[in-house]
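Novice: got a predicted structure here, sequence first:
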Amino acid sequence: MPELPEVETVRRGLAPAMEGSRLAKVEVRDRRLRWPLAKDFEKRLTGQTVEGLGRRAKYLLADLSSGDVLIMHLGMSGSFRVGTDGRDGQIAKYHHETSKSAKHDHVVFHMSNGATVTFNDPRRFGSMKLVARAKLEHEPLLRGLGPEPLGNEFDAAMLARACAGKKTSLKAALLDQRVVAGLGNIYVCEALYRARLSPKRMASSIAVRNGQPNARAVALVDAIKAVLNDAIKAGGSSLRDHRRADGSLGDFQHDFQVYDREGAPCPSCKGKKKTTIKRIVQTGRSTFYCPKCQK
DNA sequence: CCGCGGGCCTGAGAGC
DNA sequence: TGCTCTCAGGCCCGCG
């Protein structure tokens, strides 16, 4: 599921259930996530208050009263669900879905406010890791990440600088979390379409010239911010796995202009000869784009 | 250091 | 209906 808008949607859904509440009980049903959960995982979490639930790129970061930070990643198929201990609560509403997926419920947080927060991940590419807050800046998972695309510091000059000298396509550069952190295949395709830039263009072609970012870099940054904000407003994109914390679907997949639309007419090509969306493979990933609009 | 391809997993959907 | 094959939103690692 999860790129930045989906993770942010999950964060907003989980925050009311977790922030300010204690982890009364931590239940691990399967330790085999991306990396096996540490042996002291439950012990280190139990009794701690979640002081805040944040996000960095595609990672959720729960700040704990112990001074630890719980780092969580949804991988490809991870989701969280908020329910209520002892009663059906919101789960009953989505009973047919929850009963089907229950076998991949790997971790359950029982909060002191009565909420349960359940991590489900069929493919187990997701991960959880506890690190001391004081050591967070040295954490390998986070250390190499580029700027937050929705932050003020992420602008055309910064993107242009990061792309300068890159010996790869613009598509691959935007998927590189060191260049900008949080984009995945969907939003890279959609942002390039909005910016009318070809995914095949060399990344370095949006670089700084004479100390100024070129117009392409400006358009691309605008497009990235806009598509991410639109997607967050829609609760993310649900193709297969993404669910909001209350079990409901995101809506942004209905607003895709190019992603997963191979053969469909390009939404901006006007006139009798509508170009169709093309699918190509770049560095092993599908790219969807309009060869006429995107140069 | 960089860029690329393989691998990790399960499930959904297509084709036969 | 069921089998087999391909593909999927991510990221780490080893290779050249």
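Specialist: All right, it came through fine.
Novice: how about the residues of chain A that lie near DNA strand C?
Specialist: Within chain A, the residues that sit near DNA strand C (CB under 7 Å from any atom of the strand) are A:1-3, A:6, A:34, A:57-58, A:73, A:75-76, A:123, A:125, A:140-141, A:175, A:177, A:184-186, A:236-242, A:285-286. Quick note: C-beta positions are derived from backbone N, CA and C, even for glycine.
Novice: from these, which land in helices?
Specialist: Among the residues of chain A next to DNA strand C, the members found in helices (DSSP state H) are A:6, A:140-141, A:175, A:185-186.
Novice: show me where the stretch 151-295 of chain A has its helices.
Specialist: Per DSSP state H, counting those that start in this stretch, the stretch 151-295 of chain A has helices spanning A:156-163, A:170-175, A:185-194, A:215-233. These are given in chain order.
Novice: what does the third one rub up against?
Specialist: By CB atoms under 8 Å, 6 or more residues apart in numbering, the list of residues contacting helix A:185-194 from outside reads A:3-5, A:170-171, A:174-175, A:183, A:198-199, A:220, A:223-224, A:226-228, A:231, A:237, A:256-259, A:285-290, A:293-294.
Novice: now do the second one
Specialist: Taking CB under 8 Å, 6+ apart as the criterion, the residues outside helix A:170-175 that touch it are A:162-163, A:166, A:179-180, A:183-185, A:188-189, A:191-192, A:197-203, A:205-206, A:224, A:282-283, A:285, A:287.
Novice: okay, now residue A:107: neighbour count?
Specialist: Using other CB atoms under 10 Å, residue A:107 has 24 other residues around it.
Novice: before we move on, back to that, the contacts of helix A:170-175 also near DNA strand B: which ones?
Specialist: Near DNA strand B, by the rule CB under 7 Å from any atom of the strand, you find A:166, A:283 out of the contacts of helix A:170-175.
Novice: before we move on, the earlier item: just say which of the helices of the stretch 151-295 of chain A is most tucked in.
Specialist: Ranked by mean neighbour count, the helices of the stretch 151-295 of chain A are led by helix A:185-194 with a mean of 25 (mean count of other CB atoms under 10 Å).
Novice: got the angle between it and helix A:215-233?
Specialist: With axes from the mean of the first three to the mean of the last three CA atoms, to 10 degrees defining the directions, helix A:185-194 sits at 130 degrees from helix A:215-233.
Novice: picking that back up, rebuild the helices of the stretch 151-295 of chain A as JSON lines, extending it with mean pLDDT.
Specialist: Below are those laid out as JSON lines (pLDDT from 0 to 100):
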{"stretch": "helix A:156-163", "mean pLDDT": "95"}
{"stretch": "helix A:170-175", "mean pLDDT": "97"}
{"stretch": "helix A:185-194", "mean pLDDT": "97"}
{"stretch": "helix A:215-233", "mean pLDDT": "97"}
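Novice: redo these as CSV? Include distance to residue A:47.
Specialist: Shown next, in CSV, are the helices of the stretch 151-295 of chain A (distance: least, CB to CB, whole Å):
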stretch, distance to residue A:47
helix A:156-163, 41
helix A:170-175, 40
helix A:185-194, 38
helix A:215-233, 33
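Novice: quick one: closest of the ones you listed to residue A:23.
Specialist: When these are compared by CB to CB, helix A:215-233 sits nearest residue A:23, at 26.9 Å.
Novice: using CSV, write down the CA coordinates of the closest one.
Specialist: The C-alpha coordinates for helix A:215-233 follow below in CSV (Å, rounded to 0.1, in the frame of the first residue of the first chain):
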residue,chain,number,x,y,z
ALA,A,215,11.6,25.8,-14.8
ARG,A,216,11.2,22.1,-14.9
ALA,A,217,12.4,21.7,-11.3
VAL,A,218,10.0,24.4,-10.2
ALA,A,219,7.1,22.6,-12.0
LEU,A,220,8.1,19.2,-10.6
VAL,A,221,8.3,20.4,-7.0
ASP,A,222,4.9,22.0,-7.3
ALA,A,223,3.5,18.8,-8.8
ILE,A,224,4.9,16.6,-6.1
LYS,A,225,3.5,18.8,-3.3
ALA,A,226,0.1,19.1,-5.0
VAL,A,227,-0.3,15.4,-5.7
LEU,A,228,0.7,14.4,-2.2
ASN,A,229,-1.6,17.0,-0.6
ASP,A,230,-4.5,15.9,-2.9
ALA,A,231,-3.9,12.3,-2.0
ILE,A,232,-3.8,12.9,1.7
LYS,A,233,-7.1,14.8,1.5
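Novice: list the helices and strands it packs on?
Specialist: helix A:4-18, helix A:156-163, helix A:185-194 (3 or more CB pairs under 8 Å, 6 or more residues apart in numbering; DSSP states H and E).
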